[in-house]
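> Any chance you can model this:
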Amino acid sequence: MLAAAAFGAADFCATFLGAIYFFVVAMGRSSEQDASVRSATFVRQPEAMAKAELKTKLNDASVDAFIDQQPEAVAADCRTIIKLMKKATGEEPMMWGASIVGFGRYAYEGASGRSGEWMITGFSPRKANLTVYIMMGFEKEAALMKKLGKYTTGKSCLYIKQLSDVDLKLLEELIVKGVKAMAKHRIK
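Numbering: from 1, shown residues only. All right, here's what the predicted structure looks like:
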């Protein structure tokens, strides 16, 4: 269920983009072609999606080198998050793709049929904000989230402009809860 939630957004996006494509194609057709376009059906094909390879993978790139490339204030925030996540997971940080620092791994199978491994928790310093990945999501933590500070969220993403915008003790509690929620899916 957690894995389906984490990757459900990708499935939704694929379906949504298919619907947009259908609309654009239909708008560019003549009236004779309309009947054929209306009869065309865009169906997600889980077997095709399951075969698509995930681009963001665990790799051997240097976390320290990646952090050192960040602006000084961002690098300092990253080092603080590394300490929190290392403590919560007992794992060393590893690079996932070119810009995500992850801790631990879990096995998932999405609604599309895609399966693989993903990080238990992690973060990425983006241009607009620092993205913290909490795979359990935030729905069950409404009380904690009210006290956390300034942030926005996505399905499993916590977007923070800078660490000073949030209560670090509450952020640590959220990370620990997220790690515990993923325990039964964890790969050791």
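
> Just give me the neighbour total for the residue nearest to Met136 when sequence neighbours are not counted.
Of all residues not flanking Met136 in the chain, Ala181 sits nearest, at 3.7 Å (CB to CB, 6 or more residues apart in numbering). C-betas here are computed from N, CA, C, even on glycine. Residues near Ala181, counting by other CB atoms under 10 Å, number 18.

> Just the pLDDT at Ala181, thanks.
Note on Ala181: pLDDT of 95.

> so it makes contact with Phe138?
No - counting by CB atoms under 8 Å, Ala181 sits too far from Phe138 to count as a contact (11.2 Å).

> rewinding a little: measure the residue nearest to Met136 to Lys155 for me?
According to CB to CB, to the nearest Å, Ala181 stands 14 Å off from Lys155.

> Can you give me the buried ones in stretch 61-72?
Using 16 or more other CB atoms under 10 Å as the test for burial, stretch 61-72 gives Phe66, Ile67.

> same thing with stretch 131-148?
Along stretch 131-148, these residues count as buried under the neighbour rule (16+ other CB under 10 Å): Thr131, Val132, Tyr133, Ile134, Met135, Met136, Gly137, Phe138, Glu141, Met145, Leu148.

> repeat for stretch 164-174
Buried residues in stretch 164-174 (16+ other CB under 10 Å): Val166, Leu170, Leu171, Glu172, Glu173, Leu174.

> Most widely separated two among the residues you listed?
The widest separation within the buried residues of stretch 164-174, taken as CB to CB, falls between Val166 and Glu173 and amounts to 11.3 Å.

> Show me the buried residues of stretch 164-174 that map onto helices.
Judged by DSSP state H, helices contain the following of those: Leu170, Leu171, Glu172, Glu173, Leu174.
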